[in-house]
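In: I need the structure of the sequence given here:
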Amino acid sequence: MSATQDGDSVTLSYTGGWDAKSDKGDHQLISGTGKFEGTAGTG
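Out: Sure thing, here's the model as predicted:
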């Protein structure tokens with residue numbers, strides 16, 4: 001979970017890994033509050 005200073009938050013799921021050059025994997029936005037309410041996505 002990541003939260004902003006104003007209390008908005010987002011919860012992500014991440015499957016993958018990273019090395020010194022970059023990260024490689026898939027993420028899914030599970031839920032959000034505040035300005036992130038109702039958001040969804042994958043990548």
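
In: switch to C-alpha atoms for all contacts and neighbour counts from now on
Out: Noted.

In: and stretch 6-21, which residues are buried?
Out: For stretch 6-21, burial by neighbour count (16 or more other Cα atoms under 10 Å) applies to 9-10.

In: need the residue closest to the centroid of the chain.
Out: Leu12 (3.6 Å; Cα atoms, centre = their mean).

In: okay, and the beta partners of the nearest residue to that residue once chain neighbours are set aside?
Out: Once flanking residues are discounted, Leu12 sits nearest to Leu29: 4.6 Å by Cα to Cα, 6 or more residues apart in numbering. When assigned by DSSP bridges, Leu29 has beta-bridge partners Leu12, Gly41.

In: OK, contacts around the residue nearest to the centre of the chain?
Out: 1, 27-31 (Cα atoms under 8 Å, 6 or more residues apart in numbering).

In: separation between it and Thr39?
Out: 11 Å (Cα to Cα, to the nearest Å).

In: any idea how far Asp26 is from the residue nearest to the centre of the chain?
Out: Applying Cα to Cα to Leu12 and Asp26 gives a distance of 10 Å.

In: burial of Gly32, as a residue count?
Out: 19 (other Cα atoms under 10 Å).

In: OK, contacts around it?
Out: 8-11, 38-39.

In: secondary structure added to these, as TSV?
Out: Formatted as TSV, the contacts of Gly32 follow (DSSP: H, G, I helix; E, B strand; the rest coil):
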residue	secondary structure
Asp8	coil
Ser9	strand
Val10	strand
Thr11	strand
Gly38	coil
Thr39	coil
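
In: and the least confident of the residues you listed?
Out: Minimum pLDDT across these is recorded for Thr39, with 78.

In: mind pulling up the pLDDT for the residue nearest to that one when sequence neighbours are not counted?
Out: Leaving aside its sequence neighbours, Thr39 sits nearest to Gly32 (Cα to Cα, 6+ apart; 6.5 Å). Looking at Gly32, its pLDDT reads 85.
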